[in-house]
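Peer 1: Quick one, what's the 3D model for this:
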Amino acid sequence: MDRRMRAGLLAVLVALVAAASPAAAASNLVLPRSGQVGLGLQGQFGTMLSSGGLGEEFGSGGGLTVKVRYRMRFERAIGLTFGMQKLGARDPSGRAGAFDSIEVVPGTTPILREWLQINAAGIEFYQLFDTRDRTVKMISAGVGITQMSSHLSSGETQYPIAGDGVYISLGAGIERFFYRSVAWDLGITYMGILHDQNLNNSFQLQGGLIFYAAY
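Peer 2: Below you'll find the model as predicted:
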């Protein structure tokens, strides 16, 4: 067998493997049906615009989100979302804002607000597209409650003067299935947090995995 024939056979073999790989991957997929529940975990990075009582004091940071998503008929879904995010201080000081001011004692190290932690829990409604394909597109809207606290440089925790807040959210994303009922869950979300009669605007990029239980 001469060199050109061997090269030709090798090229054909590579082409066959490349062509077979997507088919093999697709054959392993078990796309979720109506009535199935998905459990997802996402990492996220978000930033808050410098407006509103919270946005004036805190900027951007990372977090985690747990999602429970129930597939319904007519390419719809409903779900619960539980998230935690930490936003770093724009100007770590103890001045009054959404929180009480911190008294500065002469001759001692000032106590500063280092970061804000936001815990959120809510319900989301989804409109899905292309649910019979391996890449499912979606848009979402949600509403929920938030609990906020500030971490001080002294190690203590401080809570805002006005207490907890509420939020609304709008989002868009995809589920990209890669093995049986496991998919990449990627998206972008706008969260408007109403706190102390001020609207704080936050944008988040999210990425993780979601698994749909079969039964």
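Peer 1: In the protein, where is pLDDT below threshold?
Peer 2: 1-27, 94-96, 103-107, 215 (pLDDT under 70).
Peer 1: now stretch 56-66, how far from the chain's geometric center?
Peer 2: On the basis of Cα atoms, centre = their mean, to the nearest Å, stretch 56-66 sits 11 Å off its chain's mean C-alpha point.
Peer 1: buried ones in stretch 58-73?
Peer 2: The neighbour-count check on stretch 58-73 (16 or more other Cβ atoms under 10 Å) flags 58-61, 63, 65, 67, 69-71 as buried. No exception for glycine: its C-beta is placed from N, CA and C like everyone else's.
Peer 1: just the strands in this protein please.
Peer 2: Shown for the chain, the strands assigned by DSSP state E span residues 37-48, 60-71, 76-88, 113-129, 135-152, 157-158, 165-179, 182-195, 198-212.
Peer 1: quick one: which of the buried residues of stretch 58-73 is nearest Ser34?
Peer 2: For these, the minimum distance to Ser34 (Cβ to Cβ) is 5.4 Å, reached by Arg71.
Peer 1: and Leu64, how far is that from Ile111?
Peer 2: Leu64 sits 28 Å away from Ile111, going by Cβ to Cβ, to the nearest Å.
Peer 1: Just the closest of the buried residues of stretch 58-73 to Asn200, please.
Peer 2: Asn200 lies nearest to Phe58 out of those, by Cβ to Cβ, at 9.0 Å.
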